[in-house]
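Student: Got a predicted structure here, sequence first:
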Amino acid sequence: MTTLLNDSVALGGRKGGSGETLQIRGGQPLSGTVDVKGAKNLVTKAMVASLLGDTASILHDVPDISDVAVVRSLLEVHGVRVQDGDAEGSLVLDPRDVESAHMEEIDAHAGASRIPILFCGPLLHRLGQAFIPDLGGCRIGDRPIDFHLDALRKFGAVVEKLPSGIRLSAPGGLHGANIHLPYPSVGATEQVLLTAVRSRGVTELKNAAIEPEIMDLIAVLQKMGAIISYEPNRVILIEGVDDLRGYEHRAIFDRNEAASWASAALATDGEIFVGGAKQQEMLTFLNIFRKSGGWFDVREDGILFRRGGDLRPVVVETDVHPGFMTDWQQPLIVALTQATGESIVHETVYENRFGFTDALNKMGAKIAVHPHGLQDGVRRVPRRTLEQAAVITGPTPLTGADITVPDLRGGYSHVIAALTAEGTSTVRNVGIISRGYEKFFDKLTGLGADFDVVG
């Protein structure tokens, strides 16, 4: 846990997070309206996709978060001209002057981000080579890049691992490939899409991720001139084309942020209208939200969330889409500490996502983490070797404590726990939250949160 916290502090600084400390006075419901912009997990990938075009692209609803700033810097290092558009939240990305960048420059701008690995395919097409520094990211478990590298090799890339990172080249250009992912990895699916669209011939990707953000990336690429079809049983076919043009696209809303605010309403017994949230992309979350005692009202311009009575225990199994997202379980667990009975969360996607519960237990929660999962019970999601489980027994009143943010979603959960708790909490390293939540402090203030920024 110490390593996790040290890494997160460093990550906050390297990512543009300021490492702020909050003094939070909890025990009051959060009520009001927040608006969510484009999904971090689409926007950053659509920015990378602009490298593939011969003309400028325009991306709308771009959130002002540090992950976007990192990708913007990386694009600029490679010669892409990135400018703010006429409308708020719009970016214009012109790749016509793309050039090679030195490993040191990439490393300096990437910080601990894992996004550089997705530059590989586009850069190999444009420049014939790519340099990727040692990759970081939130320490939430093993997120191997082997899926990415294996796929790139099948396209014809030559991969050379160096002490400082990875050098890739494509002396004969890239060609279509038949790829079967051992797990429907979102990142590996994005890698294949961004590489296949300009590779010679046809690429068949089996066991692909099909998250809404993946479908939105496919929409972006199709606008650019790509030929991509989604077949049954997680199969995606890509017919390579010689040239792509720029796109204009409005990003899908951030369903992770929407679910986070919904869980905050549930935990604090408040009422939050999430502007921009849509029902279809959140069906699985909304079912669990309702089962746990939540109430929601789907409207044309967003979704209203609050409690519908006493909170009830639930059993949750995280999974790839259309399952329950792993990013949803952390904020929800805060709310489940206030439910009457025993809730169980089976984490099947990452093996180190329950580290944040130590702080909740320090605040008075009763959460037992089973590092090898639980064998009992009827399961919808097949067991995985890396699986863990958390058993949350409630209701348990939370009290203020001194805690340190470990990662993005866990950090948000710590802040919501502090707002749920009676008394004052000191929450450190909240700068990391700026990776995925735009104007986080302003939104908290608008919802009536009582806090001070003290460092």
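Tutor: Thanks, I have the structure now. Numbering: from 1, shown residues only.

Student: ok, the residue lying closest to Ala449 once chain neighbours are set aside to Arg428 distance?
Tutor: Computed as CB to CB, 6 or more residues apart in numbering, the closest residue to Ala449 that is not its neighbour in sequence is Leu419, at 5.7 Å. Where you see a C-beta, it was placed from the backbone N, CA and C, and this is true even at glycine. Separation of Leu419 from Arg428 (CB to CB, to the nearest Å) stands at 16 Å.

Student: ok, back up a step: dump the residue contacts of the residue nearest to Ala449.
Tutor: By CB atoms under 8 Å, 6 or more residues apart in numbering, the residues touching Leu419 are 24, 26, 28, 30, 264, 267-268, 444, 449, 451.

Student: Could you verify that it is part of a helix?
Tutor: Yes - per DSSP: H, G, I helix; E, B strand; the rest coil, Leu419 lies within a helix segment.

Student: Relative to His148, how far out is it?
Tutor: Between Leu419 and His148 the distance is 38 Å, computed by CB to CB.

Student: swap in Ser434?
Tutor: The gap separating Ser434 from His148 is 26 Å, by CB to CB.

Student: ok, now His346?
Tutor: Distance check for His346 against His148: by CB to CB, it reads 27 Å.

Student: can you give me the helices in the chain?
Tutor: Taking DSSP state H, the helices of the chain run over residues 2-14, 40-49, 66-77, 103-110, 120-127, 146-154, 186-196, 212-224, 255-268, 283-291, 326-336, 357-362, 408-420, 440-446.

Student: Tell me what Leu91 is bridged to.
Tutor: Beta-bridge pairing of Leu91 under DSSP bridges involves Leu59, Asp84.

Student: For it, the count of nearby residues, please.
Tutor: When neighbours are counted by other CB atoms under 10 Å, Leu91 registers 22.

Student: Could you number the chain from 788 rather than 1 from now on?
Tutor: Got it, first residue is 788 now, which makes that one Leu878.

Student: Surely Val1007 is in contact with Met834?
Tutor: No - taking contacts as CB atoms under 8 Å, Val1007 lies outside contact range of Met834: 10.0 Å.

Student: Looking at the two now, which is surrounded by more residues?
Tutor: Met834 (25 against 22).

Student: Name the nearest residue to that one, ignoring sequence neighbours.
Tutor: Val858 (4.8 Å).

Student: Below-threshold pLDDT in the protein: ranges please.
Tutor: Within the chain, the stretches with pLDDT under 70 are 788-806, 890, 898-899, 921-931.

Student: hmm, 90 instead?
Tutor: 788-807, 886-904, 918-935, 948-953, 1137-1140, 1162-1173, 1192-1198, 1218-1219, 1221-1223, 1242 (pLDDT under 90).

Student: For the most far-flung residue of it relative to its centre, give me its contacts.
Tutor: Within the chain, the residue lying farthest from the chain centre (CA atoms, centre = their mean) is Gly959, at 34.5 Å. Under the criterion of CB under 8 Å, 6+ apart, the neighbours of Gly959 are Gly943.

Student: same thing with Ala975?
Tutor: Here Ala975 is in contact with 934-935, 938, 968, 996 (criterion: CB under 8 Å, 6+ apart).

Student: make it 10 Å
Tutor: When contacts are counted by CB atoms under 10 Å, 6 or more residues apart in numbering, Ala975 touches 904, 931-938, 966, 968-969, 992, 994-996.

Student: Just the closest of those residues to Arg1042, please.
Tutor: Using CB to CB, Ala996 comes nearest to Arg1042 of these, at 14.6 Å.

Student: I'd guessed the closest one sits against Val1107; true?
Tutor: Yes - Ala996 is within contact range of Val1107, at 6.0 Å (criterion: CB atoms under 10 Å).

Student: if I look at those two, which residues touch both of them?
Tutor: 970-973, 976, 1021.

Student: before we move on, back to that, let me know which of the helices of the chain is the nearest to Gly1160.
Tutor: helix 1113-1123 (14.0 Å).

Student: so what does that closest one touch, helix or strand wise?
Tutor: Counting contacts by 3 or more CB pairs under 10 Å, 6 or more residues apart in numbering; DSSP states H and E, helix 1113-1123 packs against helix 1042-1055, helix 1070-1078, strand 1102-1104, strand 1128-1134, helix 1144-1149, strand 1175-1181, helix 1195-1207.

Student: Between those, which one is closest to Lys824.
Tutor: That would be helix 1042-1055 among the helices and strands packed on helix 1113-1123, by CB to CB, at 8.4 Å.
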